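**Student:** Okay, sequence plus prediction incoming.
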Amino acid sequence: PQTRGMLYPRESETREVRSLDGIWNFVRSDQANPTQGVRDEWYAKELSKSRPTIPMPVPASYNDITTDNLRDHVGTVWYDRKFFVPRSWSKDQRIWLRFGSVHYEAYVWINGQKVVKHEMGHLPFEAEVTDLLSYGAENRITVMCDNALIQTTVPQGRITEVPNDGGMTIVQSYTFDFFNYAGIHRSVHLYTTPRTFIEEVEVTTNLSKDATVGEVFYSVSVNGSAANEADNVLQIQANLYDKDGILVANATSDQKLGGKLQVNPVKPWWPYLMHSEPGYLYQLEIKLLATNDELLDVYRLKVGIRTLSWNSQQFLINGKPVYFRGFGRHEDSDIRGKGLDNALMVRDFNLLKWIGANAYRTSHYPYSEESMQFADEHGIMIIDECPSVDTENFSQELLGKHKSSLEQLIHRDRNHPSVVMWSIANEPRTGSVSADSYFELVANFTRSLDKTRPITAAIAVSNTQDKAGRSLDIISFNRYNAWYSNAGRLDMITQNVIDEAIAWNKRYNKPIIMSEYGADTLEGLHMQPAYVWSEEFQTEVFSRHFKAFDELRKKGWFIGEFVWNFADFKTAQSYTRVGGNKKGVFTRARQPKAAAHLLRKRYFALGRDL
Ligand code: GCB
């Protein structure tokens, strides 16, 4: 199953991790003949024996790497590379192959043998390859990746065949507003575990009322033969260390049981600017021991101790109301597209802190595991969004995939203190009658997997038409006053925002967030008086929104503002997009536009208020 195991690959005394990142060989299929590679068994030998290959970096989107039009390729592409497996790995270990993510559908072979198939981008998957590898020898990995989106994929798209100058061609269309980058987007790892190993760790935390005593509840599951032998009682030893490496709590329990660690005094996990030491993390060390105290496996993860609660008015962390000041974002940059890039990730967190933000939504799909760890460390709160965007034509099949995306997401991210809310969709067509029961099912399913976090969705239909809000805990709405409606009319923002937020709150009696607002802005374009696309216009649009937010904050139930977008990003081609979506506060190269300085003043002022 896709949701067993999946612990982030980490080295320890009992585990080794090897990266398969680097330059792979790459070939695209003919668009008219996407299944040819499988029919002709391209995986059976090196790809270069079937077709000329080109070099392709992993991780990266393949779209913007070449100078010919690979960008708009629709259908399957193939990757392969060779790698050595050390002789030492053959001894009493299990070997796992893990992909951080491949967009959209992936088929994987090792030495010509099928290993795993996974559908859905932005989420990890893995498979055991112990019996497929040659030890002390060279091996080959082959990946076929299909970027085609149809009405039953998440996200949805449409494939049509239309005439062009060469006869007929395949066209991929989609309504969501970001480029459908594809390929091996995140790192590929081989890692070892002992034969009997720690497969799952789940952590929840609690705080005493006065926030002086913390509790960490952990449950562990073990996989492997030693765990199944009746007379072999394995033990779990859990040790919790503070930032200085000092042991602050420990417990030993039977392998099948979870346990509880008590920390007194505790340093809770706080968001950025809400405390002098935000993002405080402990290290939880889980040791799996055999009866004779022999160490079988060790896995370590960071833990932030905090509580979340919410009601019809507020959202609270550690008992204190939180006001979100943040962004909608994208994983997107020049050349690498959606490929994981540590330089970009660290730069983005530096900018988030520079501007005083305390939160972002992972619009419109799960972001890298590495960035989730970073958010934990820096006290940045995450509204964690599944890849369902512009959801429409609600079907049973779509529902199944939508639920699967949430199951995989929650399984991956449930231990992160930074994750404070699940977003079950962006701009779903919730005006339709079938959206009502569909979102009730999706929300209930999400709650069945995690009761510790509230559920939201970013809604674009009007509050009078919406049918999903009753199933959510917190209402988020996206609205583009003076842009998509009343373009250029700066005098038609403030009152509209106030009126709409009040209407949402009246209708559902729940906390309200403005999850998107903004204006496309071409850096360096200046026009006074403000005119659409100019830096002056974006700055004015922001300050008119701030006026509305300040009014709304007095009401108590308005709990957050998220600018669209953190940075400029690439979209499909259209006459409304000049080189992509330019609503960024930062350019695609991560430099501030004029509005960034205004936003920074506000976010720091808000941060100090709290
Ligand atoms: C939205 C979408 C976002 C778009 C944005 C825009 O409502 O949620 O994906 O990029 O509007 O700029 O049009």
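**Tutor:** Perfect, I can see it now.
**Student:** what's the closest non-adjacent residue to residue 237?
**Tutor:** residue 287 (4.2 Å; C-beta to C-beta, 6 or more residues apart in numbering). For the C-beta atoms, the positions are set from N, CA and C on the backbone; glycine is no exception.
**Student:** List the residues that contact the residue in the stretch 401-550 of the chain that the ligand sits nearest to.
**Tutor:** Closest approach between the stretch 401-550 of the chain and the ligand, counting by C-beta to the nearest ligand atom: residue 478, at 4.3 Å. Taking C-beta atoms under 8 Å, 6 or more residues apart in numbering, we find residue 478 in contact with 426-427, 458-460, 514-517, 564.
**Student:** if you set the cut-off to 6 Å instead, what comes out?
**Tutor:** Taking C-beta atoms under 6 Å, 6 or more residues apart in numbering as the criterion, residue 478 is in contact with 458, 460, 515-516.
**Student:** looking at the sheet around the closest residue to the ligand within the stretch 201-350 of the chain, what are its partners?
**Tutor:** Residue nearest to the ligand within the stretch 201-350 of the chain: residue 328 (7.0 Å; C-beta to the nearest ligand atom). Bridge pairing for residue 328 (DSSP bridges) gives the partners residue 361, residue 564.
**Student:** give me the number of residues near it?
**Tutor:** Here the number of neighbours of residue 328 (other C-beta atoms under 10 Å) works out to 24.
**Student:** for residue 583, same thing?
**Tutor:** So residue 583, with other C-beta under 10 Å, has 24 neighbours.
**Student:** Equivalent analysis for residue 57, please.
**Tutor:** 18.
**Student:** Now do the same for the nearest residue to it once chain neighbours are set aside: helix, strand or coil?
**Tutor:** Spatially, and ignoring its direct neighbours in sequence, residue 57 is nearest to residue 23 (5.9 Å; C-beta to C-beta, 6+ apart). Assigned with DSSP: H, G, I helix; E, B strand; the rest coil, residue 23 falls in the strand class.
**Student:** and what of residue 544?
**Tutor:** Going by three-state DSSP: residue 544 is helix.
**Student:** Per-residue confidence, it, what does it come out as?
**Tutor:** Note for residue 544: predicted pLDDT of 98.
**Student:** In this structure it contacts residue 492, no?
**Tutor:** No: between residue 544 and residue 492 there is no contact under C-beta atoms under 6 Å: 8.9 Å.
**Student:** Looking at these two, which is more packed in?
**Tutor:** residue 544 (21 against 15).
**Student:** give the contact list for the more buried one.
**Tutor:** 490, 493-494.
**Student:** low-confidence ranges in the chain?
**Tutor:** 1-3, 226-232, 255-257, 609-610 (pLDDT under 70).
**Student:** if you go through the protein in chain order, where are the helices?
**Tutor:** 36-39, 225-228, 342-355, 369-378, 396-413, 433-449, 494-508, 535-553, 594-609 (DSSP state H).
**Student:** possible to save those helices as a markdown table with distance to residue 385?
**Tutor:** Below are these laid out as a markdown table (distance: least, C-beta to C-beta, whole Å):
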| stretch | distance to residue 385 |
| --- | --- |
| helix 36-39 | 33 |
| helix 225-228 | 36 |
| helix 342-355 | 17 |
| helix 369-378 | 12 |
| helix 396-413 | 8 |
| helix 433-449 | 12 |
| helix 494-508 | 19 |
| helix 535-553 | 22 |
| helix 594-609 | 21 |
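**Student:** Tell me the spacing between the closest residue to residue 356 other than its chain neighbours and residue 247.
**Tutor:** Excluding the flanking residues, the one nearest residue 356 by C-beta to C-beta, 6+ apart is residue 603, at 3.3 Å. Per C-beta to C-beta, to the nearest Å, residue 603 is found 38 Å from residue 247.
**Student:** Those two - which one has more neighbours?
**Tutor:** Between residue 603 and residue 247, residue 603 has the larger neighbour count (other C-beta under 10 Å), namely 22 against 10.
**Student:** What distance do you get for the more buried one to residue 172?
**Tutor:** 38 Å.
**Student:** One more: residue 182?
**Tutor:** For residue 182, the distance to residue 172 - C-beta to C-beta - is 10 Å.
**Student:** How about residue 129?
**Tutor:** Counting by C-beta to C-beta, the gap from residue 129 to residue 172 is 32 Å.
**Student:** likewise residue 216?
**Tutor:** In terms of C-beta to C-beta, residue 216 sits 46 Å off from residue 172.
**Student:** Which residue of the two possesses the greater neighbour count?
**Tutor:** Per other C-beta under 10 Å, whichever of residue 216 and residue 172 has more neighbours is residue 216, with 24 against 19.
**Student:** The closest residue in space to residue 345 that isn't next to it in sequence - how many residues pack around it?
**Tutor:** Nearest residue to residue 345, sequence neighbours excluded (C-beta to C-beta, 6+ apart): residue 371, at 5.4 Å. Residues lying near residue 371 (other C-beta under 10 Å) number 24.
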